[in-house]
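Asker: what shape does this take:
(chains A and B, ligands or ions: 2)
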Amino acid sequence: MKHIVKIITLLVAITALWIGLLEMSIIPHRYTWLLPIYFVVSLGCYGLLMVGVGLMQFPTCPQEAALLQQDIAEAKEFLKQKGLDVSSV
Amino acid sequence: MKNKYSVIIPTYNERLNIALIVYLVFKHIKGVDFEIIVVDDGSPDGTQDVVRQLQQVYGEDRILLRPRPKKLGLGTAYIHGLKHASGDFVVIMDADLSHHPKYLPSFIKKQQETGASIVTGTRYVKGGGVHGWNLMRKLTSRGANVLAQTLLWPGVSDLTGSFRLYKKSVLEDIITQVVSKGYVFQMEMIVRASRKGYHIEEVPITFVDRVFGSSKLGGSEIVEYLKGLAYLLVTT
Ligand SMILES: Nc1nc2c(ncn2[C@@H]2O[C@H](COP(=O)(O)OP(=O)(O)OP(=O)(O)O)[C@@H](O)[C@H]2O)c(=O)[nH]1
Ligand SMILES: [Mg+2]
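Answerer: Ligands and ions are numbered 1, 2, ... in the order given. Sure, this is the predicted structure:
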């Protein structure tokens, strides 16, 4: 099943649930009408929150940059010994 | 049974980087049976001359130069390299030192422990990380990732990273079905593999933005990314 079909199925199921709620009026109508709006808003909030948290906890590794410089120096030294010319960049 | 690994490195104007990375690969997986396949797309900076010199140092059986006449893009570079691979496993990595060879042992170990078909490097878990990105780059990356995770449920945390180890047969199976280019190429590979039910494992890697040379992927990447996402939604 293509992935878009899965997502559409999910959305249809949610819509059906909502219509069900409307029909059966377990909760007052005026609240049920607002549910889709809540749904969309909370989806948006979820996205923003995930991006925000991800951004705050973005894993960085400054020490790796320093280590890489050491590795580069080591490699250059070895290559020079072997007579490889890579100096011209 | 001892496995052989083919490390495919596509290059375009990586004269200095290719020499450094070859040294580091040999340093970090000394005891492993491996070959390096350099797919160079006619770099004007003389990358191929450097590779030939490296062959003198390390042997032509350990470093294979499989050039192409002109710049034909990354996706086909992998396919080209794959044709010449003699290993049971294939590692794909960039030449620009953003992918550090010191992580190769953890890829190999993870594969052996789990029997996974694909081990993919991820920057977004504990022990991983990125260096050298500005806020805008981080924001785009996070946004793209959240969008893809929400819509595609791919089962891996880093979709666009390209430091990966594949069982050769698995790579051959999926790479021919992939049509996207650029960043989306890596995403399509892993999503297709995931949909096909291949066992995928992750290992943390750190990613230091390139020090030497210049970036070759450009253009309106965000638009391409969104198109790629939509494409994957309807085709996988
Ligand atoms: N053979 C071949 N190699 C390529 C081509 N384009 C890029 N490469 C190589 O593919 C690897 C990844 O390319 P990069 O330019 O580093 O792409 P990137 O990592 O998205 O961009 P940066 O942020 O600049 O590092 C490098 O080893 C390049 O030399 C191509 O058309 N053909
Ligand atoms: Mg790079």
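
Asker: list the contacts for residue 62?
Answerer: Unless you meant another one, I'm taking chain A. Counting by C-beta atoms under 8 Å, 6 or more residues apart in numbering or on different chains, A:P62 makes contact with B:H131. Placement of C-beta: from N, CA and C, glycine included.

Asker: my question was about chain B
Answerer: B:R62 touches B:26, B:34-36, counting by C-beta under 8 Å, 6+ apart.

Asker: looking at chain A, which helix is longest?
Answerer: helix A:29-56 (DSSP state H).

Asker: cool, and chain B?
Answerer: Chain B, longest helix under DSSP H: helix B:135-152.

Asker: let me know the average pLDDT across it.
Answerer: Averaging pLDDT along helix B:135-152 yields 91.

Asker: what do you get for stretch B:26-33?
Answerer: Averaging pLDDT residue by residue across stretch B:26-33 gives 96.

Asker: buried stuff in it?
Answerer: B:26, B:29, B:32 (16 or more other C-beta atoms under 10 Å in any protein chain shown).

Asker: cool, stretch B:121-135 as well?
Answerer: Neighbour count says stretch B:121-135 has B:121-124, B:128-132 buried, by 16+ other C-beta under 10 Å.

Asker: contacts for that stretch?
Answerer: A:54, A:58-62, A:64-65, B:99, B:103, B:107, B:138, B:141, B:145, B:156-158, B:161, B:163-164, B:202-209.

Asker: first-to-last residue distance for it?
Answerer: Length of stretch B:121-135, first residue to last, C-alpha to C-alpha, to the nearest Å: 22 Å.

Asker: quick check, it touching ligand 1?
Answerer: No - using C-beta under 6 Å from any ligand atom, stretch B:121-135 never reaches ligand 1; the gap is at least 8.9 Å.

Asker: what about the closest residue to ligand 2 within chain A, helix or strand, and which?
Answerer: For chain A, the residue closest to ligand 2 is A:L68, as judged by C-beta to the ion, at 13.1 Å. Taking DSSP states H and E as the definition, A:L68 sits inside helix A:62-81.

Asker: let me know the closest of the buried residues of stretch B:26-33 to ligand 1.
Answerer: B:F26 (17.7 Å; C-beta to the nearest ligand atom).

Asker: spatially nearest residue to that closest one, not counting backbone neighbours?
Answerer: B:Y58 (6.4 Å; C-beta to C-beta, 6 or more residues apart in numbering or on different chains).

Asker: next one: the one you found relative to B:R52, how far apart?
Answerer: As judged by C-beta to C-beta, to the nearest Å, B:Y58 and B:R52 stand 11 Å apart.

Asker: need the buried ones from the contacts of stretch B:121-135 selected in PyMOL.
Answerer: A single PyMOL command selects the buried members of the contacts of stretch B:121-135 (16+ other C-beta under 10 Å):
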select buried, (chain A and resi 54+58+59+60+61+64) or (chain B and resi 99+103+107+138+141+145+156+157+158+161+163+164+202+203+204+205+206+207+208)
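
Asker: out of the contacts of stretch B:121-135, which are close to ligand 1?
Answerer: B:D209.

Asker: tell me which of the contacts of stretch B:121-135 fall in helices.
Answerer: Those of those lying in helices (DSSP H): A:54, A:62, A:64-65, B:107, B:138, B:141, B:145.
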